[in-house]
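K.L.:
Here is my input; please provide its structure:
(chains A and B)
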There are 2 protein chains.
Amino acid sequence: MDILPSGDTARLARRISLALGEAPADLLITGCRLVNVLSGEIHDANVAVADGVVLGFGDYEAREVVDAGGRYLCPGFLDGHIHIESTLMSPPEFARAVAPHGTCAVVCDPHEIANVMGPAGIEYMLAASRNLPLTFFVMVSSCVPATHMETSGAAITPDDIRRMLAADYPYAARVLGLAEVMNYPGVLARAPGMLAKIAAAGGRVVDGHAPLLTGRRLNAYIVAGPASDHECTRLDEAREKLRKGMHIMVREGSTEQNLAELVPLVTPENAWRFSLVSDDRDPVDIKKNGHMNELVRRAMAHGIAPVTAVAMASINTARYFRLHGRGAVAPGYRADLVLVDDLETFAVSRVWLGGRDVRDLGLDCREVPVPGNTMRPAPVTPETFRIPARPGLVRVIGIVPGQIVTRALTLEPRLSDGLAVADPGRDLAKLAVIERHHASGNVGLGFVQGLGLVSGAIAGTVSHDSHNLIVAGVNDADMAFAAQTLTKVGGGFCVVNNGRILAVVELPVAGLMSAGCLDELKTSLAGLGQAYADVSAPSDTDRHPFMSMSFLSLAVIPELKLTDQGLVDVESFSVVDLFVPESR
Amino acid sequence: MDILPSGDTARLARRISLALGEAPADLLITGCRLVNVLSGEIHDANVAVADGVVLGFGDYEAREVVDAGGRYLCPGFLDGHIHIESTLMSPPEFARAVAPHGTCAVVCDPHEIANVMGPAGIEYMLAASRNLPLTFFVMVSSCVPATHMETSGAAITPDDIRRMLAADYPYAARVLGLAEVMNYPGVLARAPGMLAKIAAAGGRVVDGHAPLLTGRRLNAYIVAGPASDHECTRLDEAREKLRKGMHIMVREGSTEQNLAELVPLVTPENAWRFSLVSDDRDPVDIKKNGHMNELVRRAMAHGIAPVTAVAMASINTARYFRLHGRGAVAPGYRADLVLVDDLETFAVSRVWLGGRDVRDLGLDCREVPVPGNTMRPAPVTPETFRIPARPGLVRVIGIVPGQIVTRALTLEPRLSDGLAVADPGRDLAKLAVIERHHASGNVGLGFVQGLGLVSGAIAGTVSHDSHNLIVAGVNDADMAFAAQTLTKVGGGFCVVNNGRILAVVELPVAGLMSAGCLDELKTSLAGLGQAYADVSAPSDTDRHPFMSMSFLSLAVIPELKLTDQGLVDVESFSVVDLFVPESR
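P.N.:
Numbering: from 1, shown residues only, chains lettered A, B, ... in the order given. As a prediction, the model looks like this:
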């Protein structure tokens, strides 16, 4: 049941009276085929709603009667694992974008903004999503900073976790547990800080993240607390995790898509152990395809029975997160309802959130409050990017198209006036990661191959996981100008050439999210892509230069990465020198 | 996961280390066919255990290795709804009786002892079950007293409920919610006291009890909070409740058995919404057939798949009651393990509770502390039972063999010396219910047909729901003697004849439970049955006179009942006169 505040007998009495039909309901949906995720069947029903909850099935008088005409009524969809920041939208705009597609709640890990702003970032997300008809639940980010080889904006400590999970935390009802424990090596090594964070969760839900972990190491990770995994990419991997009790979150995001691989594991007997989640979705994808409705549709297209597919996006997720009174259409459940035309196209035709038609909810696009400019780098000039030449070869990050892994290359540098410089002829751009949180002046410098840049520079403040200012360019002047441009607007993405700004996407919310609307964002991103085409060489492959660049600083993914502290050799998990003696 | 006290990183580190295999486990069970209720399949596994939890599957060194030899390893069984008092055993003896059959936890509603002793009775059950290897969870009884037409020993108030469900209650970890809300008419009528009790549950689990409730009335009951029902006796009834989101507890007790009727409703898609529960089990049945193991066996015999049947007695119940880390065999789960020989006989061959072999747990039969003599009737003499004759007929309670409903009969009384008296020739005994909690002197008097008594008297202190002293007899002297006998021993059952005690079963724990062992109890009950045969007429039908008598005061079950306040006409829910004018 929906959680009832202790002592609230008046509300209880009112609900009983309404369910008895003593007064008209707010809404009656007649003639629907109810996708009943509790009884595991589809059956005819008239569904009555009042005060934001489902009263029940049957004949009721109601102020508004909607004839479903045989269409299918589903519970609202929950996304069990998403980083809202990846959509580049603020919570209100995200809600506006996905609510009409039937999403009623998301469980988000504000890992990105937490790396920029710490607890204040998580609190910003909670405040910005307050009173939205779509409920934003939050898991407290567990791995901030992500590694010791980068400088994040702030840290999340065990005390922060304890405070945000306490009953007296202002947003207590929406903070559910500890977010994905990515640092599984830390868990297995019993790193005191990591264990202290798990212990601080105090028995609340702890999400896991353990790609390809198996055997006794997987056992050890699970006994430590993480209860779910959304990183399964292989069937046998998922089978072992399922057997060992992990809730399997089947990820189907904009780039990482595991549904096709994992579908054979789902049976009617174990389907309640699975959820569909999106993890990372880009705004253009959302605009084009929707959100969880698309995941349900795909699950059905892969052969999962409709009731099961809907359950994987509703009740299964609600139960895993202990969200009682959500995820189904039944008496006492929150009236999050989705009417779909049929079970093939799964076209959403009506949505009610908390019993209110999504079209009446006033989900207008509006500017969101921006939590101050988080761009605080030390002053950047062209000299910031100078790489004095030294004897030998240089390590170069080699981009692998469409993947977040990179290759560690070793190439002859191009030299000019005693400096190592970019070499567009070999698709070799200079790369810099500028610490932008504390004005420390930390700058990591290196080279990257595969961006296709022929002139100018590009920059971004979305750069996992610390989201420092990352710049790639052909000349130092444009690199400095690109960095300065983003610093001024509070972060985002830009393309500059010969001292001229070709395009800027402003992401003033922590340098990660837009303060505006999806449509503007989409237009702005299209302009960025066009500007990038103007400074790059034509290519056969579909390049995503800003996405590629955003992962070039992710120091936990092989092989070679760049942070503000320098080049990171992921294999040895250490900072290495840019230059390699030629004899090596 | 098993709930980890906040800040306990040392225990966490130790578990991780053990799961990694850095030190020997306590126990390794090799070569078992694991009944995996999480993945919904049976698969081979070696299962390692240490510190009372499952470490995982795989190769481990262990201090003890048990070769399962291909036998089936199941999670320990949970009984989701039981009144321990019905077994006539105290919690420690109940644990001793059922643990070897694989029961690892029970969720009990101490409704009977609460009616005698109030909150102190619930606390007695919690204290008496402290530190047992079998976990006794408690739902706080919601309907004490059961009606306003009887005198119970005490009441459970909303404040009591709030106190016992508070985080600082000494037994907080074992008190799960509010027990079966039997007073569904009170809910639908919005009785303030009833709603206050539900509100006092503050969002914790609330169990339901709503036989044959349907339609909008069922909707209204569910929106009020009750989330389960164990009273389904008909398939269509259970289907409606399932669709409306109630967790269906399929009851298979010693007398009420609903499994056969409800089995067709269970599908792989919805099986997670079902639990097997026993509700009321008598001690002889337990001695003969075991406990939840027998229910699982029967479910399989009715065609439910083995993994599903086991899940209905383990994980499904654990999830419903939000008992994380229980109900499955997987890393981090409590090591409650049951080894069964095969899936047909389902013969239990080994049991571990919290990782320890049940045979090593020192579950000896021992006297339990008795919470004082609760027998406090006003003095009883033969005169207590006198019924002065009046003109007209008398209402007579007609026993229906094997059922708890009765018939309301109207018969000519037998008169003697100006008194209405028993008439063994018509199988008409005198019946009395003596208030025994507060020495109020309340005595309800009437007649009962169908006990078969030909001489002497029988008495009992198990008499639902207030458990007053109920006496049936052929003469007033023996009725008084029977009442006095039970008062002296603190309650129980007895048979007397001509001033001689033929048999006594002592139930000194609140007049409901034995302080001793199941074997003695069984012997003692056999003696009671023999003594009863000595004072009754031979019969073709299998009479259960003490059980029949225990329901003669249950004022919520039709048609005619007797409480200390008089005869209750259940239809009109009012106290009625014994005599009826003949003209009626």
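K.L.:
Next up, the contacts around A:A99.
P.N.:
A:A99 makes contact with A:133-134, A:351, A:353, A:358, A:361, A:363, according to Cβ atoms under 8 Å, 6 or more residues apart in numbering or on different chains. (Glycine included, C-beta is placed from N, CA and C.)
K.L.:
and which of those is nearest to chain B?
P.N.:
The nearest member of these to chain B, counting by Cβ to the nearest Cβ, is A:L353 at 18.9 Å.
K.L.:
Test my guess that the closest one contacts A:G76.
P.N.:
Yes - counting by Cβ atoms under 8 Å, A:L353 does reach A:G76; the two are 6.6 Å apart.
K.L.:
who has more neighbours, those two?
P.N.:
A direct count of neighbours by other Cβ atoms under 10 Å in any protein chain shown for A:L353 and A:G76 places A:G76 higher, at 30 against 26.
K.L.:
related to what we said a few turns ago, quickly list what's touching both of A:L353 and A:G76.
P.N.:
Common neighbours of A:L353 and A:G76, using Cβ under 8 Å, 6+ apart, are A:104, A:336.
K.L.:
returning to what we had before: would you mind giving the contacts of A:A99 as a markdown table with distance to chain B added?
P.N.:
Below are the contacts of A:A99 laid out as a markdown table (distance: Cβ to the nearest Cβ, whole Å):
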| residue | distance to chain B |
| --- | --- |
| A:P133 | 21 |
| A:L134 | 22 |
| A:V351 | 21 |
| A:L353 | 19 |
| A:V358 | 23 |
| A:L361 | 24 |
| A:L363 | 28 |
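K.L.:
who does A:D67 bridge with?
P.N.:
Beta bridges link A:D67 to A:T30 when assigned by DSSP bridges.
K.L.:
Domain map for chain A?
P.N.:
Chain A breaks down by the TED database into domains covering A:74-360, A:382-575.
K.L.:
rewinding a little: JSON lines please, covering the contacts of A:A99 and showing pLDDT and secondary structure.
P.N.:
Compiled in JSON lines, those are given as follows (pLDDT from 0 to 100; DSSP: H, G, I helix; E, B strand; the rest coil):
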{"residue": "A:P133", "pLDDT": "93", "secondary structure": "coil"}
{"residue": "A:L134", "pLDDT": "96", "secondary structure": "coil"}
{"residue": "A:V351", "pLDDT": "98", "secondary structure": "strand"}
{"residue": "A:L353", "pLDDT": "98", "secondary structure": "strand"}
{"residue": "A:V358", "pLDDT": "96", "secondary structure": "helix"}
{"residue": "A:L361", "pLDDT": "90", "secondary structure": "coil"}
{"residue": "A:L363", "pLDDT": "85", "secondary structure": "coil"}
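K.L.:
mind checking how far the residue sitting furthest away from the middle of chain A is from chain B?
P.N.:
The C-alpha centroid of chain A is most remote from A:E22, which lies 45.1 Å away (Cα atoms, centre = their mean). A:E22 is 9 Å from chain B, where distance means Cβ to the nearest Cβ, to the nearest Å.
K.L.:
same thing with A:T461?
P.N.:
Noted for A:T461: a distance of 35 Å to chain B, by Cβ to the nearest Cβ.
K.L.:
Show me which positions of stretch A:354-371 end up buried.
P.N.:
A:354-356, A:358, A:361, A:363, A:368, A:370-371 (16 or more other Cβ atoms under 10 Å in any protein chain shown).
K.L.:
right, and the domains of chain A - which one's nearest B:L27?
P.N.:
Comparison of the domains of chain A against B:L27 by Cβ to Cβ identifies domain A:74-360 as nearest, at 14.6 Å.
K.L.:
Quick one: end-to-end distance for that closest one.
P.N.:
Terminal residues of domain A:74-360 are spaced 20 Å apart (Cα to Cα, to the nearest Å).
K.L.:
How far away from the center of its chain is that domain?
P.N.:
9 Å (Cα atoms, centre = their mean, to the nearest Å).
K.L.:
swap in stretch A:392-410?
P.N.:
Distance of stretch A:392-410 from the chain centroid (Cα atoms, centre = their mean) equals 25 Å.
K.L.:
Could you measure from A:L453 over to chain B?
P.N.:
46 Å.
K.L.:
do A:G118 as well
P.N.:
A:G118 is 21 Å from chain B, by Cβ to the nearest Cβ.
K.L.:
Pretty sure that residue sits against A:S141.
P.N.:
No - using Cβ under 8 Å, A:G118 is not in contact with A:S141; the gap is 9.4 Å.
K.L.:
Name the secondary structure element that contains A:E64.
P.N.:
Element membership for A:E64 (DSSP states H and E) is strand A:62-67.
K.L.:
Since that was my last question, I'll sign off now.
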